[in-house]
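Fold the following.
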Amino acid sequence: MTQQRKNFGNLSASAGIKQHLGNTIDLLLNIGYITRSPNPAELFSDGLHHALATIELGDLRLTQERAVKTLVSAEKKTGDFQFALTLYYNRINDYIVLQPGEAGFDQARNSAFLIREYVQLPQVNMQGFDLDLSYRFSDKMTYKTTAAWVNAKTEEGNPLIDLPPLNLQQQLFYSPFKNKPLRFGLRSEYVAEQTQVPDFNFDYNFFENGNIATRLVDISSAPKAYHLLGFSVETNLAKKVDIRLIGENLFNVDYRNYLNRLRYFAGETGRNIRVELSYRF
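Residues are numbered from 1 along each chain as shown. Reported below is the predicted structural model:
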C-alpha cells in the first residue's frame with residue numbers, strides 16, 4: 001500500500017489588444033499562457049468504465065500541461081449582418097490524451113474490453129477556427145450559421161485521436177405575425193468525415209474451428225460524413241407558458257458520430273419528434 005501526495009500549482013496569464021475599424025468591426029489579438037494539472041481520473045484510473053465499455057488506465061507520472069495560445073478574431077455586432085470569426089493557434093507541452101493501449105483488449109474480466117491509457121505527449125500543435133454569422137432579412141426572417149474546425153498534431157506530425165471534424169450548422173427562423181409570438185425554424189447540420197486519424201488498429205488472435213485465426217480489429221477508421229435536417233415550431237399558450245414542437249433527423253439518417261466512443265456498437269438516434277412545455281415562474 002502506498003500513499004500518493006500530489007501538489008500542483010497552476011499559473012495563467014494573458015494579454016490582448018483591441019482595435020476598432022470604423023463603428024462596426026472590432027479586431028482582437030490575444031496571447032495567453034496557462035498550465036493545467038492532471039485530474040484524478042488521469043492519475044488514478046485503473047479499471048472498467050461501465051458507460052463506455054472500456055478499460056481506462058491512469059498514470060501517476062503525469063505532470064502539468066503548459067500551453068501558449070494565440071487568438072485573432074474579427075467581430076461585427078451591429079446591423080442586420082453580424083459575425084464573429086476567430087482563428088487560433090495553441091502550442092501545448094506535455095499534452096495529456098486518452099488513447100487506445102498497445103495491448104488492444106483486456107480479457108481478464110470475463111469479456112473483451114478495449115483498453116485506453118492516459119499518456120503524455122511532449123508537444124502538440126493545435127490550430128483551427130470558429131465562425132458565428134447571422135443575417136436578418138427582415139423583421140420576420142433571420143438566418144444563422146456556425147462553423148468550427150480544428151487540427152492538432154504532435155511534433156512528429158501525427159494526428160491526435162478524438163478530434164472533432166468540420167462541423168457546419170445553419171438555422172432559418174420565420175415569424176409570420178408581428179404581434180403574435182409564433183416562430184418556425186429549420187435547422188441543418190453537416191458533419192464532415194474526419195480524415196486526420198491516427199492508426200491504432202491491432203491484430204486479434206482467436207480460435208476458429210479448432211485453429212488459431214488472426215483478424216484485424218479496426219478501431220481507428222472514422223465514420224462517413226452526414227447531414228441532418230430538423231425543424232421547430234414554438235409559441236405561447238399563455239402569458240408564462242411556452243410550447244415547442246421539435247423534430248430532429250427528419251429523414252431518419254443512419255449515422256455515427258466520431259466523437260461517440262459507443263459508435264463501435266450502435267449508430268446514433270434516428271428520427272426524434274417531441275413536444276416541450278415550459279412554464280416561466
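
Contacts only, for Glu155.
Glu155 makes contacts with Pro122, Gln123, Val124, Asn125, as judged by CB atoms under 8 Å, 6 or more residues apart in numbering. For the C-beta atoms, the positions are set from N, CA and C on the backbone; glycine is no exception.

Looking at those residues, which is nearest Phe81?
Nearest to Phe81 out of these is Asn125 (CB to CB; 33.6 Å).

any idea how far that closest one is from Pro165?
18 Å (CB to CB, to the nearest Å).

who has more neighbours, these two?
Pro165 (20 against 15; other CB atoms under 10 Å).

The more buried one reaches Val197, doesn't it?
No: Pro165 is not in contact with Val197 according to CB atoms under 8 Å; the separation is 9.6 Å.

intersection of neighbour lists for the two?
Ala222.

Spatially central, which residue of this protein would that be?
Pro164 (5.1 Å; CA atoms, centre = their mean).

In the stretch 51-200 of the chain, where is pLDDT below threshold?
Along the stretch 51-200 of the chain, segments meeting pLDDT under 70 span 108-110.

Now do the strands in it.
For the stretch 51-200 of the chain, the strands defined by DSSP state E, counting those that start in this stretch cover 54-57, 65-76, 81-106, 113-136, 141-154, 167-174, 183-191.

how about the longest one: buried residues?
Applying a neighbour-count criterion of 16 or more other CB atoms under 10 Å, the buried positions in strand 81-106 are 82, 84, 86, 88, 90-98, 100-101, 104, 106.

bridging residues for Gln19?
Leu27 (DSSP bridges).

Which helix or strand contains the closest residue in space to Ser12 that isn't next to it in sequence?
Sequence neighbours aside, Ile34 is the residue nearest to Ser12 in space, at 4.3 Å (criterion: CB to CB, 6 or more residues apart in numbering). In the assignment (DSSP states H and E), Ile34 maps to strand 25-36.

what angle sits between that strand and strand 81-106?
Strand 25-36 runs at 20 degrees relative to strand 81-106, counting by axes from the mean of the first three to the mean of the last three CA atoms, to 10 degrees.

State the number of residues packed around the closest residue to Glu193 other than its chain neighbours.
If the residues on either side of it in the chain are set aside, Glu193 comes closest to Ala225, at 4.4 Å by CB to CB, 6+ apart. Neighbourhood size, Ala225 [other CB under 10 Å]: 13.

Would you mind confirming that Ala225 makes contact with Ala192?
Yes: assessed by CB under 8 Å, Ala225 is found in contact with Ala192 at 4.9 Å.

list residues touching both of those two?
Counting by CB under 8 Å, 6+ apart, the residues touching both Ala225 and Ala192 are Pro165.

Backbone torsions only: list them for the residue in the chain sticking out farthest from the centre.
No residue in the chain sits farther from the centre than Gly210, which is 44.4 Å out by CA atoms, centre = their mean. Per-residue torsions, Gly210: phi 80, psi 0 (degrees, to the nearest 10).

Equivalent analysis for the one 3 residues further on, please.
The phi/psi pair for Ala213 (degrees, to the nearest 10) reads phi -120, psi 160.

since we're on the nearest residue to it once chain neighbours are set aside, how many residues are nearby?
Nearest residue to Ala213, sequence neighbours excluded (CB to CB, 6+ apart): Phe206, at 5.9 Å. Using other CB under 10 Å, Phe206 has 10 neighbouring residues.

Ok, Asn30 next?
16.

measure it to Asn90 for me?
12 Å.

what do those two both touch?
What both Asn30 and Asn90 touch, as defined by CB under 8 Å, 6+ apart, is the set Lys69, Thr70.

one step back: how many other residues sit next to the closest residue to the residue nearest to the centre of the chain other than its chain neighbours?
In this structure, Pro164 finds its nearest non-sequential neighbour in Leu259, 5.9 Å apart by CB to CB, 6+ apart. For Leu259, the number of neighbouring residues by other CB under 10 Å comes to 12.
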